[in-house]
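[1] Okay, sequence plus prediction incoming.
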Amino acid sequence: MNIPISAQLVNLFAALLLLIAFAMLSQRRIVSLIHLYAAQGFVLAVSTLIVAHSTSQVHLVYSALLTLALKVVALPWLLHRLIERLNVRWDVETLINIPTTMIVGIGLVIFAFNLALPISQLSGTIIRSTLGIALASVLLSFLMMLTRAKAVPQVIGFLAMENGLLFAATSATYGMPMVVELGIALDVLIGAVILGIFFFQIRETFDSLDLHHMERLRDEKAAIEDSPR
Amino acid sequence: MNLAITALLGLPLVGGLILALAGARPVAADINIVLSLFTFLAAIAASVDVLANGNRTMLSEQFFLDSFNVFLVALTAFVGLTTAIYSRTYMRIEVQRGKLTEARLRLYHSMYQLFMFTMLLALTTNNMGLLWVAMEAATLTTVLLVSLYRTPASVEAAWKYFILCGVGIAQALFGTILLYFAAEKILGAEGAGLLWTHLDVVKAGLEPTVLSLAFVFLLLGYGTKVGLVPLHNWLPDAHAEGPTPVSAVLSGLLLNVALYAVVRTKVLVDGALGAGFAGTLMRGFGLLSVVVAALFLSRQKDVKRLFAYSSIEHMGLVTFAFGMGGPVATFAGLLHMTVHSLTKSAIFFAVGHAAQKAGSQVIDNIRGLIKTSPPVGWGLMLGGLAILGMPPFGVFASEFLILTTAIARHPWTTPFLVAGLGIAFAAIFQRLQSMVFGETTVQALPYRPAIIPVFVHLGFVLILGLYLPPFLADWYRQAARLIG
């Protein structure tokens, strides 16, 4: 089997992406999580560029540049500023049962590969085998959101999930139409800004960014503790 | 026609920006109403045009209006207008009572217009990708509105809303990618691959395996925003903790538009797979929503949560109707979307003033509304009767059609549906009685309640129950043919 060098490179980067997703799952430091997120964005941008080069799809170059600007520069910068202002830069989260989480993660990867198999066989792109990895990193980010109790890591998980989706779009179809990609990028940017505002609201009301404090809204409790409106 | 669609989308977008700059002034509420009025007029102009000239695509095919979305556009703009009128009084009372500051009102007005923009964009866009972008933007514009009061409960509700809908909508993006993947093989890369009108033409040739997977993801994604059980967790909290005008537009508009997105994809999936797959899934989710929401209804103590669960129930019913398919059920589903949207927003208007009068949203604290303020009391009572499906209101007609079709086509579901509707009736009616009649504990409001929108809405629901205008029936029938 003769695989072109560009496809091998993309496969390599896809593997890196998966590795980063696992690293995020086990990373306790918030600041390291942001570094990982930036690295993930970088890997995504580079692999998109390679695909763009080998298939001469011009719009993928723009897409890669957009990813670079948004996910390697803008959003990590925004997140760094946020954790600085919120004073949670050196926060370490106690994660229980990292090994179990990892095993569940491996299970998810296997599931994702099986789910993606019929689709990647239909795909005509050179990097179709990476679709499984893309789906796996989406699911891993989802798992990360589930296991985190603090607001900032949850949001990083959310943003990482979007990275995985973007990678899926590139590997299955050489990216979405430009207008859609722009729209998605805009949504992500606005979403991050709104979340930034939101962190302050959460801390103001709960004195903490730990989401365990938010256990109030249950159906019966809500009525008992009703704050007069 | 291009002018109408530009005005329809441009007015709320520009309006949102203007209000962000000028929103702290007292006149902002009036600007909000005027903007909504002109948006509504643009929607009327667009509808009249579709009525005269039929379906059409605009602005290099990126936008389109057909019989399915045109009435939703008009409905959305209409509810947007009445809610703007209602919120002027409601928000004045909230400010006067010190619940909100002028600065928060600025955020409210600006985001309100931007929310209307995302709704209208989602309805009119021909591009399935932009539809996704608009749905996500709708979450973003409303999340800060849900936490507008900054109480712990409202911040928590907004966080839940953001994360759950964000995760849900991410599923929908994956579904959209898969859809594009299937379409690209036939329509080619770039451009037309995500345009619904093009997809509709070639739907029979789309790869079935991919489309079935795409539909599962799209249903889970947009279904989260519709509030289908078990993805509904954000909905009661967001409805209960946000300001009431926001609850009204969430229930009356957002849920409809999300369901619209599901149905658009269902059309494509049915074309590729044949009827059955999508319908079965939708029937399942719909039935589950009706039953589970009804069971939750009887446990509610907060009046806004009560009607939020009622929204889940009704959206479940509509999803079930679209899942059954066929001309009658789809017709009923479309009618139910219309009347539910009108009735539920009317109820929230009345509930909002009732809660302001009682100083609490707890049902037990609201008593004897009809004594101190007959319009609010009657509005709540009539709205409640309408939503419970009492004739001659329009909800009765649509529920009757859905039930009779279910009896004929899926008899085993009938007991569940009837039980769901029955439990909901008992739960809501009993609570309504205690709130509306009896000894009064509620106080007067500093301003005259804005009750006209309630009766305008209920008037329309009544008219739709007695007489369906031919042009509307025509749209429903055409749309039903399209949806199948």
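    Good, I have the coordinates. Here the structure is a predicted model, which is why all the values come from computation and not from measurement. Numbering: from 1, shown residues only, chains lettered A, B, ... in the order given.
[2] does the residue sitting nearest the centre point of chain A sit in a helix or strand, and which one?
    In chain A, the centroid-proximal residue (C-alpha atoms, centre = their mean) is A:A160; its distance is 0.6 Å. Using DSSP states H and E, the element containing A:A160 is helix A:151-173.
[3] Remind me what that helix packs against, helices and strands.
    helix A:5-26, helix A:30-55, helix A:58-67, helix A:75-86, helix A:131-147, helix A:178-206, helix B:152-187 (3 or more C-beta pairs under 8 Å, 6 or more residues apart in numbering or on different chains; DSSP states H and E). Glycine gets a C-beta too; all of them are placed from N, C-alpha and C.
[4] quick revisit: the nearest residue to the residue nearest to the centre of chain A once chain neighbours are set aside: what's it in contact with?
    Leaving aside its chain neighbours, A:A160 sits nearest to A:S141 (4.1 Å; criterion: C-beta to C-beta, 6 or more residues apart in numbering or on different chains). Shown in contact with A:S141 (C-beta atoms under 8 Å, 6 or more residues apart in numbering or on different chains): A:21, A:24, A:157-158, A:160-161, A:163-164.
[5] Give the burial count for B:G274, as a bare number.
    Close neighbours of B:G274, defined as other C-beta atoms under 10 Å in any protein chain shown, add up to 11.
[6] Oh, that last question was meant for B:G422, not what I typed.
    Residues lying near B:G422 (other C-beta under 10 Å) number 11.
[7] Just after whichever strand or helix holds it, pick out the following helix or strand.
    Using DSSP H and E, B:G422 falls within helix B:414-436. Downstream of helix B:414-436, the first helix or strand assigned by DSSP H and E is helix B:452-466.
[8] For that next one, buried residues please.
    By neighbour count on 16 or more other C-beta atoms under 10 Å in any protein chain shown, the buried set for helix B:452-466 is B:453-458, B:460-462, B:464-465.
[9] need the residues of the stretch 351-484 of chain B near chain A, please.
    Counting by C-beta under 8 Å from any C-beta of the partner chain, the stretch 351-484 of chain B comes close to chain A at B:355-356, B:359-362.
[10] okay, among these, which ones form the most distant pair?
    Between any two of these, the greatest separation by C-beta to C-beta is 13.4 Å, found for B:Q356 and B:V362.
[11] Looking at the two, which is more packed in?
    The residue with more neighbours, out of B:Q356 and B:V362, is B:Q356; 25 against 18, by other C-beta under 10 Å.
[12] check contacts around the nearest residue to that one once chain neighbours are set aside.
    In this structure, B:Q356 finds its nearest non-sequential neighbour in B:I93, 5.5 Å apart by C-beta to C-beta, 6+ apart. Counting by C-beta under 8 Å, 6+ apart, B:I93 touches B:356, B:445-447.
[13] what about B:I93, distance to B:R150?
    Look at B:I93 and B:R150: by C-beta to C-beta, to the nearest Å, they are 18 Å apart.
[14] Now the helix or strand where B:A137 lies - C-alpha only, PDB.
    Secondary structure assignment for B:A137, by DSSP H and E: helix B:128-146. Taking Å, rounded to 0.1, in the frame of the first residue of the first chain, the C-alpha atoms of helix B:128-146 are listed here in PDB:
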ATOM      1  CA  MET B 128     -28.200  24.200   6.500                       C
ATOM      2  CA  GLY B 129     -24.900  25.400   7.800                       C
ATOM      3  CA  LEU B 130     -26.200  28.900   8.400                       C
ATOM      4  CA  LEU B 131     -29.200  27.300  10.000                       C
ATOM      5  CA  TRP B 132     -26.900  25.800  12.500                       C
ATOM      6  CA  VAL B 133     -25.000  29.000  13.000                       C
ATOM      7  CA  ALA B 134     -28.300  30.800  13.700                       C
ATOM      8  CA  MET B 135     -29.400  28.200  16.200                       C
ATOM      9  CA  GLU B 136     -26.200  28.500  18.100                       C
ATOM     10  CA  ALA B 137     -26.300  32.200  18.000                       C
ATOM     11  CA  ALA B 138     -29.900  32.000  19.400                       C
ATOM     12  CA  THR B 139     -28.500  30.300  22.500                       C
ATOM     13  CA  LEU B 140     -25.700  32.900  22.800                       C
ATOM     14  CA  THR B 141     -28.100  35.800  22.600                       C
ATOM     15  CA  THR B 142     -30.500  34.400  25.200                       C
ATOM     16  CA  VAL B 143     -28.000  33.000  27.800                       C
ATOM     17  CA  LEU B 144     -27.300  36.400  29.300                       C
ATOM     18  CA  LEU B 145     -31.000  37.100  29.300                       C
ATOM     19  CA  VAL B 146     -31.700  34.000  31.400                       C
END
